[in-house]
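Asks: no sequence on this one, just coordinates:
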């Protein structure tokens, strides 16, 4: 489109490793940029120094500090004068066929299901397919009514296992009923996987809506807007009706997208195997820098999170981090520490309804009816902080009839109807 209009090549922003490091994901990013003739900005792990101040200053929710590389991308785009950034995060949901293999096994096509599992092993470069083969065998042989009977027990077992293996303090988990909360979370997902409609429901809600809310917050931290082409309602409606073999074929996920893009992207991108990811490199780099500056210490972390985490598990996680094996648990603990510190010191807005300052409220007061005043007064919460409001998604197409709470397209906001300026004001 830009080339036809005689405009500059599209700008891209990517998290990558430097060319001197052998990284398949980074090589595919550079191959795409060269193939498209785009103007590419690459953010390396050593470039995230500017996030230190931002992370220490504002974390709306602990989750928001988990994706350091995404925050780095949004901040790099903002520094270059961008106002909005396209990302394809929802493509993982809209264009993936998670339960196609399970449906094959349940309908007696076990040989075909096994073929997809073995082919998937080659794509994902997994070392063993035995657990998944055993699971498919059980799916094909155990009656549905029996699986329904044991499902609650299995979910309770999984919830207890989650609590026992996480960093959370056992006393805190018991006091706040974490295991019960996990069980309630399972209830959000449909269990009748023989229903094609329920599978599509799971694709849209709650995964996409929750994911888009979180991406929106990440972008907002850099005064940016995140937009997802895969949330176009026509595209979702189309993909919701596609048979499974067009989305997963011979172990290749997103098969139809690979076919469509075969002459638009390099072969190493469309037919590249595995899913290399460098997010952990950014995480480890950030933690090492915080440690070198004295902001992150084992003693300080243990003292700050006393009562929140199990000290013995935290010690084991620190040893794993020090050995360079896994920085994930310590990063989670450190982000929790930062969030707790910010939450404890965050200013509180007292006796004000959300979204209105007292001055605005006073000016509006003269123009409101008695009913409106009473309604607004009832909505005021004493001693409460301003909250992020989850965007409501509109219903659309055939998918709208499946989404009981209503979903839709997160990108359809009034802003979409306004021209976006080329430069930041």
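Replies: Yes, it's here. Small disclaimer: the values here were computed from a predicted structure and weren't measured. Numbers count the residues shown, from 1 in each chain.
Asks: Give the next helix or strand downstream of the longest helix belonging to the chain.
Replies: If you go by DSSP state H, the chain has its longest helix at helix 144-165. As assigned by DSSP states H and E, the chain's next helix or strand after helix 144-165 is helix 170-175.
Asks: Check the offset of the helix or strand just after that following helix from the chain's centre.
Replies: Going down the chain from helix 170-175, the next helix or strand is helix 178-186, by DSSP H and E. In terms of C-alpha atoms, centre = their mean, to the nearest Å, the centre of helix 178-186 is set 20 Å apart from its chain centre.
Asks: and the longest helix of the chain with helix 178-186, angle?
Replies: Computed by axes from the mean of the first three to the mean of the last three C-alpha atoms, to 10 degrees, the angle separating helix 144-165 from helix 178-186 equals 140 degrees.
Asks: I'd like the distance between the closest residue to residue 309 other than its chain neighbours and residue 313.
Replies: Leaving aside its sequence neighbours, residue 309 sits nearest to residue 167 (C-beta to C-beta, 6 or more residues apart in numbering; 4.4 Å). C-beta coordinates here come from the backbone N, C-alpha and C atoms, glycine included. Here the criterion is C-beta to C-beta, to the nearest Å. By it, residue 167 lies 5 Å from residue 313.
Asks: Repeat that for residue 295.
Replies: In this view, residue 295 and residue 313 are 22 Å apart by C-beta to C-beta.
Asks: who's more crowded, the two?
Replies: The neighbour count for residue 295 versus residue 313, taken as other C-beta atoms under 10 Å, is higher for residue 313 (18 against 15).
Asks: Check whether residue 118 really touches residue 129, as I assumed.
Replies: Yes - assessed by C-beta atoms under 8 Å, residue 118 is found in contact with residue 129 at 6.0 Å.
Asks: and these two? which has more neighbours close in?
Replies: residue 129 (17 against 14).
Asks: helix, strand or coil for the closest residue in space to the more buried one that isn't next to it in sequence?
Replies: Of all residues not flanking residue 129 in the chain, residue 121 sits nearest, at 4.8 Å (C-beta to C-beta, 6+ apart). Look at residue 121: counting by DSSP: H, G, I helix; E, B strand; the rest coil, its state is helix.
Asks: for residue 121, what are its contacts?
Replies: The neighbours of residue 121, taking C-beta atoms under 8 Å, 6 or more residues apart in numbering as the test, are 128, 129, 251.
Asks: Count residues in the vicinity of the last one, would you?
Replies: Going back to what we said before, that points to residue 251. By the measure other C-beta under 10 Å, the count of residues near residue 251 is 17.
Asks: ok, for it, nearest residue in space, not its chain neighbours?
Replies: Closest residue to residue 251 apart from its sequence neighbours, by C-beta to C-beta, 6+ apart: residue 119 at 2.8 Å.
Asks: ok, now the first one?
Replies: Among residues not flanking residue 128 along the chain, residue 121 sits closest, at 7.8 Å (C-beta to C-beta, 6+ apart).
Asks: Which pLDDT value does the model give the one you found?
Replies: Here the pLDDT value assigned to residue 121 is 84.
Asks: Could you measure from it over to residue 164?
Replies: 30 Å.
Asks: Distance check, the residue nearest to residue 129 against residue 147.
Replies: Residue 121 sits 25 Å away from residue 147 when distances are taken as C-beta to C-beta.
Asks: List of residues touching stretch 316-327?
Replies: Contacts of stretch 316-327 (C-beta under 8 Å, 6+ apart): 167, 280, 283, 284, 287, 298, 301, 329, 330, 333.
Asks: farthest-separated two in those residues?
Replies: By the measure C-beta to C-beta, 280 and 298 form the most distant pair in the contacts of stretch 316-327, at 20.2 Å.
Asks: Quick check: which ranges of the stretch 201-350 of the chain have low pLDDT?
Replies: By pLDDT under 70, the low-scoring segments of the stretch 201-350 of the chain are 201-206, 345-350.
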